[in-house]
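Undergrad: Got a sequence here, can you model it:
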Amino acid sequence: MKGIKALTLALAASTLISACSTSPTGRKQFVLLPDSKLNEMGVASFNQMKEEIPATQNEETSRSVQCIADRIIAVLPDQYRNQEWEVRVFESDQVNAFALPGNKIGVYTGLLNVAQNQSQLAAVMGHEVGHVLARHGNERVSTQLATSQALAIGYQVSGEDTPEKKAIFQGLGIGAQVGIILPFSRTHESEADLIGLQLMAKAGFDPRESVSLWQNMSKAGSSKTPELLSTHPSNNTRINDLNTAMSGPLNVYNDLKAQGKVANCY
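TA: Below you'll find the predicted structure:
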């Protein structure tokens, strides 16, 4: 049993080492797929959503969301800022927003009941764009592919097909989900929070409102899943991390405020 586990972990490790890159925060990450492939997937997903979920008919809401998106896009690195982005507000009660590879941003009208001002909405949108900048979609898909591949190879080379062997590899599959994929997801969420905090401040939105947003989320009961088994950090964890990282972004915002360059999208 120890031999099987060691073999599987060695296969996974060798695959992970083969495709390392660095995220915007300096974190070592693992990506297998070309960004062009993720862009294709993002555009296809966005187009499917446009067919399935109607756009809001509230022109004022659309203008405000577009204004926030435009300000965030304007402070992105060149390779993203110089692209054409598509922004859409979907008429849905979901309390959510997203950004996809391929330069797509979506906001659900349900989020506007929790994000109570322009800076709180900018915190969410900056967070979602942060996922794209950090290539989290590529990293997530790559990690899942590598984990599945390592388990499959380990199963094939580990000897006779016995009930004990099946039980061992089922356990390894669960362990990979809890021990690798979910923590990566929580890492992605925390990293996107920090990237989003910087983006919203550079775009002229008050970064302190990111904390208020998650306080609103807590009051709304956004998630009761234990943090260990969740793809997202707890609301309290996010609030603490945002407060810890607040000094730099707040200085950026205060400088813009002194120059009269803060956002006015609402």
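Undergrad: Okay, now the unreliable bits of the stretch 51-200 of the chain?
TA: Low-confidence segments of the stretch 51-200 of the chain, defined by pLDDT under 70, are located at 146-184.
Undergrad: how distant is stretch 125-132 from the center of its chain?
TA: 6 Å (C-alpha atoms, centre = their mean, to the nearest Å).
Undergrad: mind saving the C-alpha coords of it as PDB?
TA: In PDB, the C-alpha atoms belonging to stretch 125-132 read as follows (Å, rounded to 0.1, in the frame of the first residue of the first chain):
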ATOM      1  CA  MET A 125     -15.400  42.700 -10.600                       C
ATOM      2  CA  GLY A 126     -11.800  43.300  -9.800                       C
ATOM      3  CA  HIS A 127     -11.600  40.000  -8.000                       C
ATOM      4  CA  GLU A 128     -13.100  38.200 -11.000                       C
ATOM      5  CA  VAL A 129     -10.700  39.900 -13.400                       C
ATOM      6  CA  GLY A 130      -7.900  38.900 -11.000                       C
ATOM      7  CA  HIS A 131      -8.700  35.300 -11.800                       C
ATOM      8  CA  VAL A 132      -8.100  35.900 -15.500                       C
END
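Undergrad: Pull the residues that contact that stretch.
TA: Where contact means C-beta atoms under 8 Å, 6 or more residues apart in numbering, the residues beyond stretch 125-132 that reach it are 24, 65, 68-69, 72-73, 76, 80, 97-101, 103, 105, 107, 137, 188, 191-200, 203, 205. C-beta: built from backbone N, CA, C; applies to glycine.
Undergrad: Select from those residues every entry located in strands.
TA: Among the contacts of stretch 125-132, the members falling in strands (DSSP state E) are 97-100, 105, 107.
Undergrad: What distance do you get for the residue nearest the centre of the chain to residue 113?
TA: Closest to where the C-alpha atoms of the chain average out (C-alpha atoms, centre = their mean) is residue 131, at 3.9 Å. When distance is defined by C-beta to C-beta, to the nearest Å, residue 131 is 23 Å away from residue 113.
Undergrad: Residue 212 now?
TA: With distances defined as C-beta to C-beta, the gap from residue 212 to residue 113 amounts to 14 Å.
Undergrad: higher neighbour count, the two?
TA: Under the neighbour definition other C-beta atoms under 10 Å, residue 212 and residue 113 were set side by side, and residue 212 has more, 17 against 12.
Undergrad: quick one: that one and residue 122 touch, right?
TA: No. Contact between residue 212 and residue 122 fails when scored by C-beta atoms under 8 Å: they sit 11.9 Å apart.
Undergrad: okay, and the common contacts of those two?
TA: Common contacts of residue 212 and residue 122, defined by C-beta under 8 Å, 6+ apart, are absent altogether.
Undergrad: residues in contact with the nearest residue to residue 107 once chain neighbours are set aside?
TA: Closest residue to residue 107 in three dimensions, ignoring its sequence neighbours and counting by C-beta to C-beta, 6 or more residues apart in numbering: residue 97, at 4.4 Å. Going by C-beta under 8 Å, 6+ apart, residue 97 touches 105-108, 111, 124-125, 128.
Undergrad: Considering the residues you listed, which is situated nearest to residue 258?
TA: Top of the list for closeness to residue 258, among these and by C-beta to C-beta, is residue 125 at 24.4 Å.
Undergrad: where's that closest one, which helix or strand?
TA: Taking DSSP states H and E as the criterion, residue 125 maps to helix 118-133.
Undergrad: cool, residue 88 as well?
TA: When elements are defined using DSSP H and E, residue 88 is found to belong to strand 86-90.
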